[in-house]
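Have a look; sequence and predicted model below, questions after that.
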Amino acid sequence: MPTVTIQPSGEEIYLAPGETVLAGLYKAGFAYTVGCRRGGCGICKIDVTDGDFTYNRPVAESVVSEEERTDGTCLSCRAVPESDITIEMRDGSLRLINPLLRQINDSARARALASSTAKE
Ligand code: FES
């Protein structure tokens, strides 16, 4: 279960395997400025400062340049973490719009951790 740590707050979000960063943040009650949600506009770019991710679909170079692919730029609507990652939002628009969803996210993580511990 990959973890997304949001800096500078240090908030941790838990994603289901294969889930995009955008989907995970919204599922955990957060919202921020996005556009097409399909990898076509680039509005959802964030910076990944630690960890690895891949794209669940091809992303055009006109949206994410070769230089951006190596500097930590991440198209959050298409990015799927391959490990725990740390992110920074670019425009400060991230806001918690549904605290209840965050609590549900925390509970889901606790259940997943308990389940994995029981299997060991
Ligand atoms: S929202 Fe358009 S590329 Fe992500």
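Great, that's in hand. Residues are numbered from 1 along each chain as shown.

OK, contacts around the spatially most central residue of the chain?
The chain has Val21 as the residue nearest its centroid, 2.2 Å off, counting by C-alpha atoms, centre = their mean. Going by C-beta atoms under 8 Å, 6 or more residues apart in numbering, Val21 touches Val4, Leu15, Ile46, Phe53, Cys74, Ser76, Cys77, Ala79, Val80, Pro81, Ile85, Ile87. Quick note: C-beta positions are derived from backbone N, CA and C, even for glycine.

ok, those residues vs the ligand, which is closest?
Nearest to the ligand, judged by C-beta to the nearest ligand atom, of the contacts of Val21 is Cys77 at 3.3 Å.

helix or strand for that closest one, which one?
Following DSSP states H and E, one finds Cys77 outside all helices and strands.

Which parts of this structure are helices?
Counting by DSSP state H, the chain has helices at residues 21-27, 66-70, 99-119.

winner for burial among those?
Burial of the helices of the chain is given as mean neighbour count (mean count of other C-beta atoms under 10 Å); helix 21-27 ranks first at a mean of 21.

what about that one, average pLDDT?
Average pLDDT, helix 21-27: 96.

now what about the helix or strand of the chain with the lowest mean pLDDT, what contacts it?
When the helices and strands of the chain are compared on mean pLDDT, DSSP states H and E, helix 99-119 comes out lowest with a mean of 84. Helix 99-119 is contacted from outside by Met1, Ile13, Tyr14, Lys27, Ala28, Gly29, Phe30, Leu96, using C-beta under 8 Å, 6+ apart.

re the thing from before, so which of the helices of the chain gets nearest the ligand?
helix 21-27 (6.8 Å).

right, and Arg78 touches Gly39 too?
Yes: counting by C-beta atoms under 8 Å, Arg78 does reach Gly39; the two are 4.4 Å apart.

Overlap in contacts, the two.
Residues touching both Arg78 and Gly39 by C-beta under 8 Å, 6+ apart: Tyr55, Arg57, Val59.

Between those, which sits nearest the ligand?
Taking C-beta to the nearest ligand atom as the measure, Val59 is the one of the shared contacts of Arg78 and Gly39 closest to the ligand, at 8.0 Å.
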